[in-house]
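# Just a sequence and a predicted model for now, questions to come.
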Amino acid sequence: MKKNAFYAQSGGVTSVINASASAVILEAKKSSKIGKVYAGKNGILGALREELIDTSKESKAFIESLKFRPGGVFGSCRYKLKSIEENLKEYERLIEVFKAHNIGYFFYNGGNDSADTALKISQISNKLGYPLQCIAIPKTVDNDLAVTDSCPGFGSVAKYVVTSTIEAALDVESMHESSTKVFILEVMGRHAGWITGASCLAQDSHPGAPHIILLPEVTFNQKKFLNKVKETVQKQGFCVIVASEGIKNSKGKFIAESDSKDAFGHSQLGGVAPRLSDLINTKLNLKNHWAVADYLQRSASHLSSGIDRAHAYEVGKKAVQFALQGLNGVMPIIKRKSSLPYKWEVVAAPLTKIANVEKKLPAGFISKDGMGMTKKARGYFQPLIEGKLPEIKNTQYKAGKMEMVTKKLHAWR
């Protein structure tokens, strides 16, 4: 008897996560072992609430169009399952839902916390007498998943930041004589500076910005920073800075940490750019402007990387193939075979080596002064932002049917 599959999206979405969804659904349809693919409405919450979207009701054209659609078409969530010891009832509920809907395959598309969720479910399913093929599908703009060379979602946000840095630098260069002297772009990155670091590729274009790159891996030194801003303005006439939201002071505290927490217990960040702006105003009296890329950087499908989209689709496709091969508790990861020319493949890696492990920028990627990147870093980043995209004439996205499966169980609270 065919088993159905459950697919869900988790955490912050990207401009290419739906390409993975498209691949999972289309690849599953080819199999004689998989029945229907049910998508969880709003991530793992869809499983707990028994809110399952029947993707078989969608047209093939709609599923194929997801390759180029940003956001998370089935809804995402920030919901971390507690440990099995703390809340066994959550896991029992998941298995109850999977049993009720004959689900034998579990695909969870997300980052570190999502990998942890998939690992926990793969471990508990056997103990509760209901074996599942559990596969975590990589997705995170932060590029901080262990083992994999890069993460789907990162290449596109990197391309957005590189392009935006070049364009903003050209703007400031035009106006610096009588107006803005300093521009600050704040980008995502709590503990790992991959996005910020990728901005170094913008230096290959005139006018050679960013002049300063501030990373979470390097302790923020106020005096050193202000001196470099001042020297750059004196020499170049203007200064462009790309700063990570997660930069910390000498005490290890986030420069822009607030008192609020997200669903995973992480401190809410945001506000590094205006704080740096205030510092430049107060100490150097230089006119400056700042911008926070925020959601724009991760949802800019029009600036997405062709390589990134290919990565996202392939890991979704391989996830299904690995499950059908009987693999469990693994993630399809990207293995770089060469950078010039860029060659890669997707292989399986155990979740025990990935879940809750955060990959930071290697020391060899960071310049000696801590405010720039090395040639080695450029060689890593460059292939990930490349790749042409087909021209999309109509940017109006269609709504899917999103037809829900009839519930069979009691409501979950």
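Yes, it's here.
# what comes up buried for stretch 33-46?
Of all the residues in stretch 33-46, those buried under the rule 16 or more other CB atoms under 10 Å are 34-46. (Each C-beta comes from the backbone N, C-alpha and C, glycine too.)
# So what's the gap between that stretch and the chain middle?
From the chain centre to the centre of stretch 33-46 is a distance of 21 Å (CA atoms, centre = their mean, to the nearest Å).
# how close does residue 88 get to residue 95?
The gap separating residue 88 from residue 95 is 10 Å, by CB to CB, to the nearest Å.
# neighbour-wise, which of the two wins?
residue 95 (19 against 14; other CB atoms under 10 Å).
# Check which helices and strands the helix or strand hosting residue 166 is in contact with.
Using DSSP states H and E, residue 166 falls within helix 154-175. Helix 154-175 makes packing contacts with strand 182-187, helix 194-198, strand 239-244, helix 294-299, helix 306-324 when contacts are defined by 3 or more CB pairs under 8 Å, 6 or more residues apart in numbering; DSSP states H and E.
# pull the CA atoms of it into PDB?
Provided in PDB are the C-alpha atoms of helix 154-175 (Å, rounded to 0.1, in the frame of the first residue of the first chain):
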ATOM      1  CA  PHE A 154      22.000  32.100   0.700                       C
ATOM      2  CA  GLY A 155      23.300  32.600  -2.900                       C
ATOM      3  CA  SER A 156      20.300  34.800  -3.700                       C
ATOM      4  CA  VAL A 157      20.500  37.000  -0.600                       C
ATOM      5  CA  ALA A 158      24.200  37.400  -1.200                       C
ATOM      6  CA  LYS A 159      23.500  38.500  -4.800                       C
ATOM      7  CA  TYR A 160      21.000  41.000  -3.500                       C
ATOM      8  CA  VAL A 161      23.400  42.500  -1.000                       C
ATOM      9  CA  VAL A 162      26.300  42.600  -3.500                       C
ATOM     10  CA  THR A 163      24.000  44.400  -6.100                       C
ATOM     11  CA  SER A 164      22.500  46.800  -3.600                       C
ATOM     12  CA  THR A 165      26.000  47.700  -2.200                       C
ATOM     13  CA  ILE A 166      27.300  48.600  -5.700                       C
ATOM     14  CA  GLU A 167      24.200  50.600  -6.500                       C
ATOM     15  CA  ALA A 168      24.200  52.500  -3.200                       C
ATOM     16  CA  ALA A 169      27.900  53.200  -3.500                       C
ATOM     17  CA  LEU A 170      27.400  54.700  -6.900                       C
ATOM     18  CA  ASP A 171      24.700  56.900  -5.400                       C
ATOM     19  CA  VAL A 172      26.800  58.100  -2.500                       C
ATOM     20  CA  GLU A 173      29.800  58.700  -4.800                       C
ATOM     21  CA  SER A 174      27.600  61.000  -6.900                       C
ATOM     22  CA  MET A 175      26.500  63.100  -3.900                       C
END
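# list the contacts for the nearest residue to residue 186 once chain neighbours are set aside?
Nearest residue to residue 186, sequence neighbours excluded (CB to CB, 6 or more residues apart in numbering): residue 273, at 3.7 Å. When contacts are counted by CB atoms under 8 Å, 6 or more residues apart in numbering, residue 273 touches 184-186, 243, 290-292.
# what about the strands in the chain?
With DSSP state E as the criterion, the chain has strands at 3-9, 34-40, 52-54, 103-110, 133-138, 182-187, 212-214, 239-244, 288-292, 330-339, 342-350.
# Quick one: distance of the fifth one to the chain centre.
Its chain's average C-alpha position is 16 Å from that of strand 133-138, according to CA atoms, centre = their mean.
# quick one, phi/psi of the residue positioned nearest the centre of the chain?
Among the residues of the chain, the one closest to the centroid is residue 140, at 1.9 Å (CA atoms, centre = their mean). Main-chain dihedrals, residue 140, degrees, to the nearest 10: phi -170, psi 130.
# Okay, it and residue 373: tell me how far apart.
Counting by CB to CB - residue 140 and residue 373 are separated by 20 Å.
# what about the closest residue to residue 110 other than its chain neighbours, neighbour count?
Leaving aside its chain neighbours, residue 110 sits nearest to residue 10 (3.4 Å; criterion: CB to CB, 6+ apart). By other CB under 10 Å, the residues close to residue 10 number 29.
# what's the spacing between residue 10 and residue 388?
30 Å.
# and what of residue 159?
Using CB to CB, one gets 12 Å for the distance from residue 159 to residue 388.
# cool, and residue 277?
According to CB to CB, residue 277 stands 37 Å off from residue 388.
# Neighbour count for these two, which is higher?
Neighbour tally, residue 277 and residue 388, criterion other CB under 10 Å: the higher count belongs to residue 277, 19 against 8.
# Just give the nearest non-adjacent residue to the more buried one, would you?
residue 290 (4.9 Å).
# per-residue confidence for that neighbour?
According to the prediction, residue 290 has pLDDT 97.
# Kindly report the same for the one 4 residues further on.
Predicted confidence (pLDDT) for residue 294: 92.
# Settle this for me: residue 401 is touching residue 57, isn't it.
Yes - the criterion here is CB atoms under 8 Å, and residue 401 meets it with residue 57 at 5.1 Å.
# Return the member of the helices and strands packed on helix 154-175 having the minimum mean pLDDT.
For the helices and strands packed on helix 154-175, mean pLDDT drops lowest on helix 294-299, to a mean of 94.
# Buried residues of it, list them for me.
297-299.
# Neighbours of the nearest residue to residue 248 once chain neighbours are set aside, how many?
Excluding its sequence neighbours, the residue lying closest to residue 248 (CB to CB, 6+ apart) is residue 254, at 5.6 Å. Residue 254 is flanked by 20 other residues according to other CB under 10 Å.
# do the same with residue 89
11.
# In contact with it, which residues?
So residue 89 contacts nothing (CB under 8 Å, 6+ apart).
# Give me the contact list for the helix or strand of the chain at the bottom of the mean pLDDT ranking.
Taking mean pLDDT, DSSP states H and E as the measure, helix 112-127 is the helix or strand of the chain with the lowest mean score, a mean of 91. By CB under 8 Å, 6+ apart, the surrounding residues in contact with helix 112-127 are 10-11, 44, 78, 80-81, 83-84, 91, 94-95, 106, 108, 110, 131-132, 134-136, 138-140, 144-145, 264, 328-329, 331, 351-352, 354-358.
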